[in-house]
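J.: structure of the sequence below:
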Amino acid sequence: MKRRSLLECLGLTAVSAAAGVFSDRQAAAKAAPSAQWPSISGPIPLPGDGLSAAQQRQTYRRISLLDRLEVPKGYRADVVLSWGDRLGAGVMGFNNDYLAFTPLAPDRALLTINFEYISALTWREGYSEAHGRSLPFAALEELLQQAGGAVDSPALPAGTPLRVMAEQIAQAALEDLGIGVAGIKRGADGRWRHESTPLERRIHGLSGLNDPSQRLRSSGPAAAVFRQRRRLGYNDGLGDHIIGTFANCAGGQTPWGTVLSAEENFQSQVVEAVYADGSSPPPSQRPFEFSRKRVAGLGNPFGLAGNKYGWMVEIDPRNPRKTAVKHTWLGRFRHEAVAVRAMAGKPLVVYSACDRHSGHLYRFVSREVVADPRDPANSRLLEEGRLEVAQLQPDGTGQWLLLAPQTLIAPFLSAQDVNLGTTTSLEVPHSDRNRAGGEVLRSQAERERYCRLYSTLGDLYLGEGSEQQGAILIDAHLAANAIGATPTARPEDTDIDPISGDLLITFTMGGSDETGSPDPAIFQGPKGETPWPFGWVMRLSDEPADATQPGGALRWRMAATGGTPWEGGLGFANPDNLAIDQRGNMWMVTDRSFGNSQSDIFGKNACWILPRNAPPEQQAMLFASGPIECELCGPCFDAEEHTLFLAVQHPGEQHGCHESQRIEMQAFTLEDRSGQRFDQLRTVPLGSNWPSGVPGRPPRPAIVAVSRNQGGPLLAEA
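T.: Below is the predicted model:
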């Protein structure tokens, strides 16, 4: 626990506490033996830090977190692009997340970049510097406060100051989101730098608003819903075309060279709930909000239909003239990840996950089989198939359930609930099918009542053929709950192990909200604790998918568990994005929330190596840590694995721009490798100035390239 009062108890000042840090770390560096895996010193004792128990107590009793990207000795981190840099006809967007490396020639490549969301405080503080123009932030916030904090912008008379400013700032925010493609070139020194190229492009949250040729296309059954002439809800008048993409979080690459970009937390900007026919309530139900703490309802001023967001978007980075497509067979939910399995003679399989408390793991199976995994025509396989969702059992087995009209209603019930006579809350499509959204079942009696009302998914959703299937896909999360899919612990990334073929899945934390929680029989801490807030990495193997026979069996096991070493964890907290190198080592970045006393002990978000083969004390090695209050995202390698690209997202998100001497003292009780407990005093800057490092200068999200000072492979040969 953090204890601010410890300073007074010890009679120390912030300056004297910080002064002792560097001598302690220097002593530790001299004492630490060389290790096979490159690593840095973190904020807590780790099994692989090379220190004795006494050295751990000395090293970690007083530390200071630094507002910089820290990498091992002999490595460097170079900024490649930062928010506001020119990118084709647009600029580098805000809060860069997923990265994909596409080689063009030995020393030239493209980086595809996701821009996820707006951090209210730092976006306001840095906007004029990044874009070279100012916006009326304070005036808009004042008018919104007078209007009650939120407004349905289109309902205001045209030309009124509040409506004009709402549209102006919402447009600026949406144009800072979406997807970008950037050119990079490797110099004679072996380092990658930005190089403008005609292939650069930006697809943002309002692409196509004023130029119909820039609109995105939709494929699959939901497109039939978008084309409906009569509907229960809102009609944006665009048919099966879509304005823009935003909330672009994780993603993946296909063997044929395209990139899949996942729309995640779209519910903050447009209406998430849908009616039984898949149509959306009007945008007025997600009004526009703007303050120093929150930016929401960005779709409201432009009448964006909520059912057109929350999809998987495919773009071809090598072809800026090719229209981006939202593939609706992959389902609409809070997509955080995607992994593609393409084998000749087999159907195409695409795994994805829904990053929410009680979110599910999904797989799409194409109707036709793959002929050549590298054939660009494989994109068409994403346009016809089936969507399935995982049902996991506590014994490590499971099966895939089909999201289709004929599937029986059987709301999930945990094995632990059965044993204890309790019931885990679960949100399902609302039993009044004239209402949009869901309702929460809180007892077994409510589950039984629901099953008496509806027998199959076809009873819950309206339409015939593609329209009904499209409505199910649009409401995938609630439909999956209704048929018994396992609620999981915020699944964040899915990657395929190139050696074993297993699917690796990160689950960032076991928590809950008003609509659900993960299965307590599966998502437990090292000693059976529930909830366990520090996350897991799972290995899953499933039977080869059959193009004609739905479903199939799977097996799973937890491969790594977060938490402090003395609680049975591997030393990290809240695993997020993954990258698997050619030797099967797992590179993992973390995403813990700041200001959370339960996880503050883990310090800054970081990049870890989970070696494929290593002694027990080196199961997780701390490779890098980010600037203050940031999240490291989107790890990816160049073709030779000489460079690791990382997206540094939202530095300074909690406190904004760092000013000199603006610090916080934190105190923790730690445990050394012998089991002896000791106290730590920690100095933490509030806010960030990264990447400039200049006090008083706003932080910026950016992309960095990590490499060895002398070049060569990131990891030495074992």
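J.: thought residue 389 was touching residue 364, still the case?
T.: No: applying C-beta atoms under 8 Å, one finds residue 364 not in contact with residue 389, separated by 10.5 Å. The way it works is simple: take the backbone N, C-alpha and C, and place the C-beta from them, glycine included.
J.: surely residue 129 is within a helix?
T.: Yes: the assignment for residue 129 (DSSP: H, G, I helix; E, B strand; the rest coil) places it in a helix.
J.: nearest spatial neighbour of it, skipping sequence neighbours?
T.: Of all residues not flanking residue 129 in the chain, residue 698 sits nearest, at 6.1 Å (C-beta to C-beta, 6 or more residues apart in numbering).
J.: same question, residue 410
T.: Take residue 410 and drop its neighbours on the chain: the residue closest to it by C-beta to C-beta, 6+ apart is residue 484, 4.3 Å away.
J.: got phi/psi on residue 507?
T.: Residue 507 has phi and psi values of phi -120, psi 110 when expressed as degrees, to the nearest 10.
J.: check residue 226 too.
T.: Dihedral angles (degrees, to the nearest 10) for residue 226: phi -60, psi -30.
J.: contacts only, for it.
T.: Residue 226 sits next to 218, 238, 239, 240, 242, 307, 308 when contact means C-beta atoms under 8 Å, 6 or more residues apart in numbering.
J.: so, if you compare these, which one comes nearest to residue 62?
T.: Proximity of the contacts of residue 226 to residue 62 (C-beta to C-beta) peaks at residue 308, which lies at 52.7 Å.
J.: neighbours of that closest one, how many?
T.: The tally of other residues near residue 308 (other C-beta atoms under 10 Å) stands at 29.
J.: what distance do you get for it to residue 627?
T.: Note on residue 308: its distance to residue 627, by C-beta to C-beta, to the nearest Å, is 35 Å.
J.: would you mark the buried spots in the helix or strand hosting residue 665?
T.: Assigned by DSSP states H and E, residue 665 falls within strand 663-671. Residues 663, 665, 666, 667, 668, 670, 671 are the ones in strand 663-671 that count as buried (16 or more other C-beta atoms under 10 Å).
J.: buried residues, the helix of greatest length in the chain. List them.
T.: Using DSSP state H, we find that the single longest helix of the chain is helix 161-175. By 16+ other C-beta under 10 Å, the buried positions in helix 161-175 come out as 162-167, 169-175.
J.: give the other helices and strands that that helix contacts.
T.: helix 120-131, helix 137-146, strand 288-290 (3 or more C-beta pairs under 8 Å, 6 or more residues apart in numbering; DSSP states H and E).
J.: winner for burial among these?
T.: strand 288-290 (a mean of 24; mean count of other C-beta atoms under 10 Å).
J.: so what strands line up beside that strand?
T.: Sheet pairing of strand 288-290 (DSSP bridges) gives strand 150-151 (antiparallel), strand 295-296 (antiparallel).
J.: now the strand holding residue 665: average pLDDT?
T.: When pLDDT is averaged over strand 663-671, the result is 97.
J.: likewise for stretch 419-436?
T.: For stretch 419-436, the mean per-residue pLDDT is 90.
J.: ok, stretch 54-70 next?
T.: Averaged across stretch 54-70, the pLDDT comes to 98.
J.: equivalent analysis for stretch 305-325, please.
T.: The model assigns stretch 305-325 a mean pLDDT of 97.
J.: show me what counts as buried in stretch 405-414.
T.: Result for stretch 405-414 [16+ other C-beta under 10 Å]: buried residues 405, 407, 409, 411, 412, 413, 414.
J.: now do the end-to-end distance for that stretch.
T.: Stretch 405-414 has an end-to-end distance of 24 Å (C-alpha to C-alpha, to the nearest Å).
J.: stretch 300-310 now?
T.: 16 Å.
J.: what pLDDT does residue 31 get?
T.: Confidence at residue 31, expressed as pLDDT, is 36.
J.: again with residue 12
T.: Here the pLDDT value assigned to residue 12 is 31.
J.: ok, the residue nearest to residue 410 touching residue 412?
T.: Yes: if you go by C-beta under 8 Å, residue 484 and residue 412 touch, sitting 5.0 Å apart.
J.: quick check, residue 472 in a helix?
T.: Yes: according to three-state DSSP, residue 472 belongs to a helix.
J.: so it sits against residue 480, correct?
T.: No: if you go by C-beta under 8 Å, residue 472 and residue 480 don't touch, sitting 9.5 Å apart.
J.: now the helix or strand where residue 416 lies, how far from the centre of its chain.
T.: Using DSSP H and E, residue 416 sits within helix 415-420. Relative to its chain's centre, helix 415-420 lies at 31 Å (C-alpha atoms, centre = their mean, to the nearest Å).
J.: for it, list the C-alpha coordinates in CSV.
T.: Provided in CSV are the C-alpha atoms of helix 415-420 (Å, rounded to 0.1, in the frame of the first residue of the first chain):
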residue,chain,number,x,y,z
ALA,A,415,-18.6,-24.3,-12.0
GLN,A,416,-17.6,-22.4,-8.9
ASP,A,417,-21.1,-20.9,-8.6
VAL,A,418,-22.6,-24.4,-8.9
ASN,A,419,-20.3,-25.7,-6.1
LEU,A,420,-20.9,-22.7,-3.8
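J.: what does it contact?
T.: By C-beta under 8 Å, 6+ apart, helix 415-420 touches 393, 394, 422, 423, 424, 519, 520, 521.
J.: please, a PyMOL command that selects the buried ones among these?
T.: For the buried members of the contacts of helix 415-420, the matching PyMOL selection, counting by 16+ other C-beta under 10 Å, is:
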select buried, resi 393+394+423+424+519+520+521
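J.: would you turn the contacts of helix 415-420 into a markdown table with secondary structure and distance to residue 275?
T.: Formatted as a markdown table, the contacts of helix 415-420 follow (DSSP: H, G, I helix; E, B strand; the rest coil; distance: C-beta to C-beta, whole Å):
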| residue | secondary structure | distance to residue 275 |
| --- | --- | --- |
| 393 | coil | 34 |
| 394 | coil | 36 |
| 422 | coil | 32 |
| 423 | coil | 28 |
| 424 | coil | 27 |
| 519 | coil | 29 |
| 520 | coil | 32 |
| 521 | coil | 34 |
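J.: circling back to that earlier point, is it true that the residue nearest to residue 129 lies in a helix?
T.: No: secondary structure of residue 698 (three-state DSSP): coil, not part of a helix.
J.: how close does it get to residue 85?
T.: Taken as C-beta to C-beta, the span from residue 698 to residue 85 is 15 Å.
J.: ok, those two, which is more surrounded?
T.: Neighbour count, other C-beta under 10 Å: between residue 698 and residue 85, residue 698 has more, with 25 against 19.
J.: how much space between that one and residue 136?
T.: Distance, residue 698 to residue 136, using C-beta to C-beta: 18 Å.
J.: would you turn the strands paired with strand 288-290 into CSV with mean pLDDT and mean neighbour count?
T.: Converted to CSV, these look like this (pLDDT from 0 to 100; neighbours: other C-beta atoms under 10 Å):
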stretch, mean pLDDT, mean neighbour count
strand 150-151, 98, 20
strand 295-296, 98, 21
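J.: ok, which of those comes nearest residue 687?
T.: strand 295-296 (18.5 Å).
J.: now that closest one, how far from the centre of its chain.
T.: Remark: strand 295-296 is offset 18 Å from the chain centroid, using C-alpha atoms, centre = their mean.
J.: repeat for stretch 539-552
T.: Computed by C-alpha atoms, centre = their mean, the chain-centroid distance of stretch 539-552 equals 26 Å.
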